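A.B. asks: Okay, structure incoming, though there's no sequence with it:
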């Protein structure tokens, strides 16, 4: 990431020539670049980078047939409210309560819904919708692993591998024990929740 001012300083240090930061901006625009807000990301620690490198090295020679029995799973939360407080309006001073500047929303937030699904190269599981409550290890075992993953494992047959992220309920002892008791193998996913 670099700003026009930082590029100006770098250019001056490298060449000894002083050019304005506006000239730098003009040249960047001529080159098709536009100033944008940087994306915000989490910092990966040495442990995270090491885990990702080890995963890549371990699986670098896998062929398509190795990935066929692998089921990748994840869940996402969707807010049911029309207002998630991320929208912005442009207004003049004193127009705070003008009707055009008010977004209506459910007084109690409207709630949210969590959905879960698994995909592989050739199949996908049914979309599972959890309407209420938080995901606990017991719920994950009783609502996902038992009724969805266990039958899917049987349908795929030998070589089945489960991949899920390292969310606390997924890696809790009760879920690890369930997978072990059922003979369900999983790939250690290097993704680590950083928040």
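C.D. replies: Cool, got the structure. It should be emphasised that the depicted structure is a prediction, and the values quoted were computed from it without experimental measurement. Numbers count the residues shown, from 1 in each chain.
A.B. asks: residues making contact with whichever strand in the chain runs longest?
C.D. replies: Longest strand in the chain by number of residues (criterion: DSSP state E): strand 70-79. The contact list for strand 70-79 (C-beta atoms under 8 Å, 6 or more residues apart in numbering) reads 110-121, 125, 135, 144, 149, 152, 156, 160-165, 167, 187. Glycine gets a C-beta too; all of them are placed from N, C-alpha and C.
A.B. asks: got it, and stretch 155-174?
C.D. replies: Counting by C-beta under 8 Å, 6+ apart, 69-75, 120, 123, 135-141, 149, 152-153, 175, 179, 184-187, 189, 191-193 sit against stretch 155-174.
A.B. asks: from the chain's centre, how far out does the longest strand of the chain sit?
C.D. replies: Put simply, strand 70-79 sits 9 Å off its chain's centre (C-alpha atoms, centre = their mean, to the nearest Å).
A.B. asks: Average pLDDT for it, rounded please.
C.D. replies: Taken as a whole, strand 70-79 carries a mean pLDDT of 87.
A.B. asks: Pairing partners for that strand, with directions?
C.D. replies: strand 112-119 (antiparallel), strand 161-163 (parallel) (DSSP bridges).
A.B. asks: What residues sit buried inside it?
C.D. replies: Judged by neighbour count using 16 or more other C-beta atoms under 10 Å, the buried positions of strand 70-79 are 70-73, 75.
A.B. asks: Could you check how far residue 55 is from residue 72?
C.D. replies: 13 Å (C-beta to C-beta, to the nearest Å).
A.B. asks: Over to residue 166?
C.D. replies: Taking C-beta to C-beta, one finds residue 166 at 14 Å from residue 72.
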